[in-house]
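Engineer: What shape does this take:
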Amino acid sequence: MKRVLVVDDEPQIGEVLHAYLEREGFEPVVRTTVKDALTDIESAPPDLAILDITLPDGNGLDVLRSVAERRIPVIMLTGRSEEIDRIVGLELGADDYITKPFSAREVIARVRAVLRRAAGAAESAHTNGHHIRIGALEIDPGAHEVRIGGAPVSLTPAEFRILTVLAEHPGQVFTRSQLLDKIDDDGSIFERTLDRHINNLRRKIEPNAAEPEYVLTVYGVGYKMKRS
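Structural biologist: Numbering: from 1, shown residues only. This next block holds a predicted model:
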């Protein structure tokens, strides 16, 4: 049973999500403050977090930082006017976002898709024991580690999966659609976030993100990894 942490201070949202998640076979836990959420994450890390940004005792992005460090998948809940929060949240490692008001069924579908993707990435990492080396870039799929010039780089699960897929096929151009298919069976999650994940990835692995050396854009087509 997957444990899902819901962090939202609106009682109706918490109750609805708790009921739907429980009915669908998840173990839901609802918290209404940053303090309680951080305590819960420390004592019993969830398999996935559903996170509202605006909370009574602080910014939900603090919770997002905590779960991202633990590589826990995150779905953000945001208002239609909170574009800056969505952008910052995606840059900090959120896997997806849902805009209020939302359908509880949509949330369940997103939860299943994100968990499926995380499980697929973990399985791939465990079964793929070889190291990938391209220039100063080294990827260890089994250990879920990335190094540049020997220095460790911390990536979110989404960034790691994108990098691994590209690095396993150096020189091959992937359209966005093809890359989405490689990353996950359900492309609806990444359609809105793929480019931002790649931009975040470049900031972490490229000597100069404005002039990437590893993850290259093929204009009008998609992306590719440079050849060794």
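
Engineer: quick one: Ala210 and Thr217, what's the gap?
Structural biologist: Note on Ala210: its distance to Thr217, by CB to CB, to the nearest Å, is 12 Å. C-beta: built from backbone N, CA, C; applies to glycine.

Engineer: More neighbours: those two, which one.
Structural biologist: With neighbours defined as other CB atoms under 10 Å, Ala210 and Thr217 compare such that Thr217 has more, 14 against 7.

Engineer: give me the element that one is part of.
Structural biologist: Element membership of Thr217, judged by DSSP states H and E, is strand 215-218.

Engineer: Pull up the pairing partners for that strand, direction included.
Structural biologist: Using DSSP bridges, strand 215-218 pairs in its sheet with strand 222-225 (antiparallel).

Engineer: Outside of the strand it pairs with itself, list whatever touches it.
Structural biologist: Contact with strand 222-225 is made by 134, 166-167, 169-176, 178-179, 198, 214-218, as judged by CB atoms under 8 Å, 6 or more residues apart in numbering.

Engineer: pLDDT averaged over that strand, what's the number?
Structural biologist: Taken as a whole, strand 222-225 carries a mean pLDDT of 92.

Engineer: How much space separates the residue nearest the centre of the chain from Gly89?
Structural biologist: The chain has Asp95 as the residue nearest its centroid, 2.9 Å off, counting by CA atoms, centre = their mean. Noted for Asp95: a distance of 10 Å to Gly89, by CB to CB.

Engineer: hey, what's in contact with both of those two?
Structural biologist: The overlap between the contact sets of Asp95 and Gly89 (CB under 8 Å, 6+ apart) consists of Val74.

Engineer: check which helix or strand covers Val63.
Structural biologist: Here Val63 sits within helix 60-69, counting by DSSP H and E.

Engineer: list the helices and strands that helix packs on?
Structural biologist: Packed against helix 60-69, as judged by 3 or more CB pairs under 8 Å, 6 or more residues apart in numbering; DSSP states H and E, are the following elements: helix 34-43, strand 48-52, strand 74-78, helix 83-92.

Engineer: Output the ones you listed in TSV; the columns should cover mean pLDDT.
Structural biologist: Formatted as TSV, these follow (pLDDT from 0 to 100):
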stretch	mean pLDDT
helix 34-43	91
strand 48-52	92
strand 74-78	87
helix 83-92	75
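
Engineer: List just the one of those that sits closest to Leu61.
Structural biologist: helix 83-92 (6.3 Å; CB to CB).

Engineer: In the closest one, which residues are buried?
Structural biologist: In terms of neighbour count (16 or more other CB atoms under 10 Å), helix 83-92 has its buried residues at 85-86, 88-90, 92.

Engineer: cool, stretch 61-75 as well?
Structural biologist: By 16+ other CB under 10 Å, the buried positions in stretch 61-75 come out as 61, 63-64, 66-68, 71-75.
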